[in-house]
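Student: got a sequence here, can you model it:
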Amino acid sequence: MDPPWSHPLPPALHSTRDSGDWSAQYHANSGWVYGRSKNTLEHIQDDRYERNRETNIHWPFQSRAEWRLGKFLAENLMQAQINAFLKLDWLDSQKPSFSSARQLLDWMDALLSGLRWQVMELEVDGYNMEKKIELIYRDGLEVVESLFRNPIFAQNMMFDPLHVWRNVECEYGEWFTAREATRIQDTLPEGATLVPIIAASDKTPVTRHTGSLEMHPLFLTIANIDSDVRMKATAYAWHCVAFMPTVKFDVHPDYQTILQARLWHRCVDIVTEKLKCAANVGEFMTDPFGDVWHCFMPLVAWTVDLPEQQLITSMSRNASPVTLATLEHFRDSMHQPPRTKNCTLDLIHMISGDVEPWMLDRFQKIAKANQLLGIHLLFFRNWKNSNPSCFLVPKVLHSLHKFFWDHVLKWCKEVVGTDELDARYKVHHKCVGVRHFNSGISCATQMTGHEYRDIQHTIVAMITGAAPPAMVWSIHALIDFIYLAQRHVHTESSIGDMEASLAEFHATKHSILEAGGRAGKDNFNIPKLELMLSFADAIRRSGGLIQYSANVSERLLITHCKVLFTWTNRQSDFAEQIIHLLDREEHIRLLDVYLLLCKHDEPLVNAAEDEENLCSTDPASTWISHVAPGEQHHFKAPRSIRNLFTKSLMSNGATAVLSITVTPDRSKLEIADISNLYALPDLTTRLNEYVARHRESTTSSPTPQVFDEIAVWYKFCIQQYLTCRPSVIMPSQVVQAQPPSSDFPFGNCDIVLLNANGQSQDNLGFHVAEVRAVFQLIHSCRSHDLPDFLSQPLLYVRPFHVIATPDSQPDTHLWILERVYSPSSPQAPACRMGFILPLTEVTHAVDLVPVFGEKVDCTLTMVSSQERYDHFYLNSYASKEDFDMLYTLGQM
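Tutor: Numbering: from 1, shown residues only. Predicted coordinates:
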């Protein structure tokens, strides 16, 4: 048996930068290895066709090229389209060995082996249905075993609880670093291994406008797989295990809900029966490396919206599914005790002792009186170490973003006015990376989570001046809470900040009522508001909540239901057709990896670790890039992040890299051309000043003699590490510096933060500036190279200075900036100050929002607003990264 400390540090916890006093310790009694077996790809060698592959690894296809063709046709075309393709004259000279779609699909299906779906017909005694009840499912334990032994995830898995300390504070990120992992491990036999189950489910319509077909899929994954991988739907770390029946009973409407709820719990019982057994006594399972572990499988997270949380816990809508709070507590700032499994089961047992559960009328009435739905057999009743107050983790999409859309934004519209709020969003400068609403935010009839987040990015600055300061204070406190709750990694300090923000909202929320934001209501009886009080404990128990985001499950509903439904004949058996398509897709993907590895004579275990651990978003893509770099484009994978740190300019603060394209947008220009192009009459003077700062004396040669021509760029890119996760590189962000044109009469220029550590002679003491031009001086004579300070890309910027700090602005908690003007004189009026500095002085791209006041100037547009205003808010909420960086500065 291997000692627990022999396991490598999980990639998700690696750090490539100095990030403080950091230490970690594995659980002392976990993760023993009990033998050897085969992983998922190695099991393919045991199928009945392996002998045929001895002479042709791609059998029954003639070559890898033909296999790729068959794979492409099977994955992307319907049968009629495949048949039409095979009849093309173009194929006459190179006919594939399959002659029809049916033959191709038969070959594909014959080659596949592994998990299979099954259909179980269910009945509810004494009740008739409009159609038969069919549960289409796979065994939950088999699905978990296939995930646990999948070699694609070999470099992205954890097996043991891990205590992590950073700067003496306990850190909560992955589930295995949270308290619940250690608590459950302490209850298991010595040497046991945790395989924590994460589930997601939701009902979704698959038809629009006509018909009423619905599907209710159930998805599973395991917390052993790194959250970064699990959060990518295209990484295939989630498996669909069931399509729950959506039926209508032939009964009085009063009993429809209780019967459907009982049927749902019965179906989950069937799917998870063996998982619950493994949670009690354990199951020996093989990992990606072929090691055998003694595994226990508690249910640790279930990603669902509030109505389905109430379905899982059998709680009515006037009671919290995770605490003992009821309707009158929803407005409170005091956290109620958790609603434990035993508490609910004891209540159901008491009611069942008085009334037979199938006497629906009496049982349901008593259940409702006790805030219950009337479900008597909850699926988690016999699932060891699985408690709904723990596994019902807050869902960021619905608990925060949907709450913002349904409530916070409505309060703002009521107080500010829809027209005024729309006008402010319309005139906001269109900054790359920040969504611009050309038509305002009120015209859209349907918005998604992306739009909810985009509106949050600017809502605090947008309502300031038009809403009472006390209300702005309350809204900014709530937005702070929303942003803080989304951090991937937490410490006790960050959790304390989050709790303080929520307490600040509760202390000031009366101002929303006083301003008329609740449209006549005099309370905050909102269930999701009460759920926010559970966030802090949920993070300590289960790690960062963003890893349980519904974004993945929402995407899976599209890929596994709505898209695949269009591939069926849309008849009554469409669900069975969908599972056949899912089977084929899943096994073709695994077989494709297997064939590639065999062709290159590579081991069937993913040993390709991303040494930098910076840009890998998909373990399969990383593995393939090491085995056969030219094959990557044949596999579906998340878009990879281009790592600019390997070959771009490092900022002077070593916190970012800056990049410009090889080919400039304009070249062979003279300094007068640049002055005219960008409307910068003082460019020559500023360039001379820049040269003078770098020469020993100010009597250097005139600037025009130092170079022959100038090249200009209309944009550059900046890339950074995540502030809260220094092992992860962010996607690069574009910073615009476009000259005046017919579309942009004042130019189209973005705002940046500058290096202000006091050690640079190029920064004249300013932290924020507008980039007006990006250029580089070029000397055509190679025998006389330009000095370093002139050979690098340069910026002409116009600075802002800070006139108010967050501490002095309790309502917005934002910095206020003012444009800098040169002193006026009788000979020259005051004009906006500018200076030149190297591109490497830039550290961050930021967003500014004008200080609109009570009313926005209706003559302005998004093209002119940044030019016409002189005072701006430095928008801390433009992105989560901006918030983390600026929030930290504001706390100093």
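
Student: distance from the chain centre to the helix or strand encompassing residue 803, please.
Tutor: For residue 803, the enclosing helix or strand under DSSP states H and E is strand 794-804. Mean-position distance between strand 794-804 and its chain equals 33 Å (Cα atoms, centre = their mean, to the nearest Å).

Student: can you name every helix or strand that it contacts?
Tutor: Counting contacts by 3 or more Cβ pairs under 8 Å, 6 or more residues apart in numbering; DSSP states H and E, the secondary-structure elements packed against strand 794-804 are helix 683-694, strand 751-754, strand 768-778, strand 815-819, strand 835-838. Quick note: C-beta positions are derived from backbone N, CA and C, even for glycine.

Student: pLDDT on it, on average?
Tutor: Predicted confidence along strand 794-804 averages 94 (mean pLDDT).

Student: coming back round to it: redo the helices and strands packed on strand 794-804 as a markdown table? Include mean pLDDT, mean neighbour count and distance to residue 717.
Tutor: Written out in a markdown table, the entries for the helices and strands packed on strand 794-804 read as follows (pLDDT from 0 to 100; neighbours: other Cβ atoms under 10 Å; distance: least, Cβ to Cβ, whole Å):
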| stretch | mean pLDDT | mean neighbour count | distance to residue 717 |
| --- | --- | --- | --- |
| helix 683-694 | 88 | 18 | 23 |
| strand 751-754 | 92 | 24 | 12 |
| strand 768-778 | 93 | 22 | 11 |
| strand 815-819 | 94 | 20 | 24 |
| strand 835-838 | 92 | 22 | 16 |
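
Student: I'd like the ones you listed as TSV, with distance to residue 88 appended.
Tutor: Shown next, in TSV, are these (distance: least, Cβ to Cβ, whole Å):
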stretch	distance to residue 88
helix 683-694	60
strand 751-754	54
strand 768-778	50
strand 815-819	63
strand 835-838	57
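
Student: which stretch among the ones you listed comes nearest residue 324?
Tutor: When the helices and strands packed on strand 794-804 are compared by Cβ to Cβ, strand 815-819 sits nearest residue 324, at 42.2 Å.

Student: what's next to that closest one, contact-wise?
Tutor: Counting by Cβ atoms under 8 Å, 6 or more residues apart in numbering, the neighbours of strand 815-819 from elsewhere in the structure are 768, 798, 800-806, 809, 832, 848, 851, 870-874, 876, 886, 890.

Student: please redo it, this time with the cut-off set to 7 Å
Tutor: Under the criterion Cβ atoms under 7 Å, 6 or more residues apart in numbering, residues 768, 800-806, 809, 832, 848, 851, 870-874 lie in contact with strand 815-819.

Student: do the same with stretch 487-503
Tutor: Stretch 487-503 is touched from outside by 166, 169-173, 333, 477, 480-481, 484-485, 532, 535-536, 539, 544, 546, 724-725, with contacts defined as Cβ under 7 Å, 6+ apart.

Student: just the buried residues of those residues.
Tutor: Of all the contacts of stretch 487-503 considered here, the ones buried according to neighbour count by 16 or more other Cβ atoms under 10 Å are 166, 169-173, 477, 480-481, 484-485, 532, 535-536, 539, 544, 546, 724-725.

Student: out of the residues you listed, name the ones that lie in strands.
Tutor: Among these, the members found in strands (DSSP state E) are 166, 169, 170, 171, 172.

Student: if we only consider those residues, which is nearest to residue 837?
Tutor: Taking Cβ to Cβ as the measure, residue 837 sits nearest to residue 166 out of these, at 34.4 Å.

Student: that closest one against residue 24, yeah?
Tutor: No. Between residue 166 and residue 24 there is no contact under Cβ atoms under 7 Å: 9.4 Å.

Student: centre of the chain versus stretch 717-733, how much separation?
Tutor: Distance, stretch centre to chain centre, for stretch 717-733: 15 Å (Cα atoms, centre = their mean).

Student: tell me the mean pLDDT for it?
Tutor: Model confidence over stretch 717-733, given as mean pLDDT, is 83.

Student: what is the end-to-end distance of that stretch?
Tutor: With Cα to Cα, to the nearest Å as the measure, stretch 717-733 spans 5 Å from end to end.

Student: tell me which residues of that stretch are tucked away?
Tutor: Of the residues in stretch 717-733, those buried by neighbour count under the rule 16+ other Cβ under 10 Å are 717-730, 732-733.

Student: and if you look at stretch 71-83?
Tutor: By neighbour count on 16+ other Cβ under 10 Å, the buried set for stretch 71-83 is 71, 73, 74, 77, 82.

Student: hey, C-alpha coordinates of the strand or helix carrying the last one in CSV?
Tutor: Element membership of residue 82 [criterion: DSSP H and E] is helix 79-86. Output in CSV follows, covering the C-alpha atoms of helix 79-86 (Å, rounded to 0.1, in the frame of the first residue of the first chain):
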residue,chain,number,x,y,z
GLN,A,79,-28.3,9.4,-42.3
ALA,A,80,-29.9,11.0,-45.4
GLN,A,81,-27.0,13.5,-45.6
ILE,A,82,-24.4,10.7,-45.3
ASN,A,83,-26.0,8.8,-48.1
ALA,A,84,-26.1,11.9,-50.3
PHE,A,85,-22.4,12.5,-49.6
LEU,A,86,-21.5,8.9,-50.5
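
Student: just checking, what packs against it?
Tutor: The criterion is 3 or more Cβ pairs under 7 Å, 6 or more residues apart in numbering; DSSP states H and E, and the helices and strands that helix 79-86 contacts are helix 101-111.

Student: show me what the helix it packs on is packed up against.
Tutor: Helices and strands in packing contact with helix 101-111 are listed as helix 64-76, helix 79-86, helix 574-599; criterion 3+ Cβ pairs under 7 Å, 6+ apart.

Student: ok, and what's touching it?
Tutor: Contacts made with helix 101-111 from outside it, assessed by Cβ under 7 Å, 6+ apart, are listed as 49, 60, 70, 73, 74, 79, 82, 83, 98, 584, 588, 591.

Student: give me the mean pLDDT for the helix or strand just after it.
Tutor: From helix 101-111 onward toward the C-terminus, using DSSP H and E, the following helix or strand is strand 118-122. This predicted structure assigns strand 118-122 an average pLDDT of 87.

Student: and the following helix or strand past strand 118-122, how far out from the chain middle?
Tutor: Per DSSP H and E, strand 118-122 leads on to strand 133-137 as the next helix or strand towards the C-terminus. Strand 133-137 has its C-alpha centroid displaced from the chain centroid by 32 Å (Cα atoms, centre = their mean).

Student: can you give me the angle strand 133-137 makes with strand 118-122?
Tutor: Interaxial angle of strand 133-137 relative to strand 118-122 (axes from the mean of the first three to the mean of the last three Cα atoms, to 10 degrees): 150 degrees.

Student: and whichever helix or strand comes after strand 133-137 with strand 133-137, angle?
Tutor: Where DSSP H and E defines the elements, the next helix or strand beyond strand 133-137 is helix 140-148. Taking the same axes, to 10 degrees, one finds helix 140-148 and strand 133-137 inclined to each other by 30 degrees.

Student: what residues are up against residue 649?
Tutor: Residues touching residue 649, when contacts are defined by Cβ under 7 Å, 6+ apart, comprise 657, 658, 839, 840.
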